[in-house]
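In: Give me the fold of what follows.
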Amino acid sequence: MHHDIADLRQFYYQRSLGRVVQRILRDRLVSRWQPGGCTGMTVAGFGFAAPMLRPYLAVARRVTALMPGPQGVMAWPAGMPNHSVLCDEIAWPLETGSVDRLVILHGLETSDDPSALLAEAWRVLGPGGRMMAMVPNRAGLWAASDRTPFGLGRSYTTGQIETQARRAGFVPEWHGSAVYIPPSDRRFWLGSAQMWERAGARISRVLIAGVVLIELSKQMRAPIGPGSRVHVPSPLEILDGVVGPRPARAPTARNLQHMQKK
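Out: Numbers count the residues shown, from 1 in each chain. You can find the predicted model right below:
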């Protein structure tokens, strides 16, 4: 089962709870990837990552919001040239190795083939490129609530998403958590969300977050196997070019006449 674009848009742009979640997740992303550090880069998002990408519009060389077909697509950002595109979830209209930074939000948990999705993410990332995956926390309250997008699809623990990412060839660089308030529209929780985020970052073992975050990198290894090798000659091979003493040449007629005159 996939998300519906109308439900996602309503949650993140019309509900107060969704706007708070949007701000929390975007702040966590920006704390890892400062917009200034992404100047001139190609930034992409898959699923419903558009709310996370806005800080990079002014500095990145290109920003693309990829939205899977079963979910649907919306024009984004509002009032600006469109940066969103509808695509197959395992065949993105991006060149291999063309992306520097990639965000996946509401993409993995509803994917029909998470392994193929991660393989496609690996393909579009360039060497040294980084991906931030945001998925529902299996131990959190949000995964058990169907009133938010985090209650749809599969949920993960940090270990589960890390293992799946390693199988796809990624290298885990950092993991964290976010959204410590319960999935409630009450003003108390909305107004104190930032306080709970600060507290949760310090005592995350006690406070169970709603979202697991993991930052992954694409590291290219040197090829192993047959190929061009450097040939280091052995001492015997070096001496092969050294020949024994050459015999003196027989004297020519001119040399004999010169020797007789002497």
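In: where do the strands sit along the protein?
Out: Using DSSP state E, the strands of the chain run over residues 42-47, 62-68, 84-87, 99-105, 125-136, 171-178, 211-217.
In: and those strands as TSV, adding mean pLDDT, distance to W33 and mean neighbour count?
Out: All C-beta spots, glycine's among them, are computed from the backbone N, C-alpha and C. Shown next, in TSV, are these (pLDDT from 0 to 100; distance: least, Cβ to Cβ, whole Å; neighbours: other Cβ atoms under 10 Å):
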stretch	mean pLDDT	distance to W33	mean neighbour count
strand 42-47	98	9	26
strand 62-68	97	13	24
strand 84-87	97	20	16
strand 99-105	98	6	25
strand 125-136	97	7	22
strand 171-178	95	11	16
strand 211-217	97	9	23
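In: Would you mind giving those as a markdown table with distance to Q10 added?
Out: Formatted as a markdown table, the strands of the chain follow (distance: least, Cβ to Cβ, whole Å):
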| stretch | distance to Q10 |
| --- | --- |
| strand 42-47 | 16 |
| strand 62-68 | 15 |
| strand 84-87 | 17 |
| strand 99-105 | 16 |
| strand 125-136 | 18 |
| strand 171-178 | 21 |
| strand 211-217 | 19 |
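In: start to end distance for stretch 153-162?
Out: Criterion Cα to Cα, to the nearest Å; first-to-last residue distance in stretch 153-162 is 18 Å.
In: Kindly report the same for stretch 72-79.
Out: Stretch 72-79 end-to-end distance (Cα to Cα) = 20 Å.
In: Over to stretch 42-52?
Out: End residues of stretch 42-52 are separated by 14 Å (Cα to Cα).
In: repeat for stretch 56-75
Out: Start to finish, the residues bounding stretch 56-75 are 17 Å apart (Cα to Cα).
In: before we move on, what about stretch 138-149?
Out: Stretch 138-149 stretches 14 Å from its first residue to its last (Cα to Cα).
In: likewise stretch 10-17?
Out: First residue to last in stretch 10-17 (Cα to Cα) measures 11 Å.
In: what comes up buried for that stretch?
Out: F11, Y12, L17 (16 or more other Cβ atoms under 10 Å).
In: again with stretch 1-9
Out: The neighbour-count check on stretch 1-9 (16+ other Cβ under 10 Å) flags H2, H3, I5, L8, R9 as buried.
In: Run through the helices of this protein in chain order.
Out: For the chain, applying DSSP state H gives helices covering 5-13, 16-32, 50-53, 114-124, 158-167, 187-191, 193-202, 235-239, 253-261.
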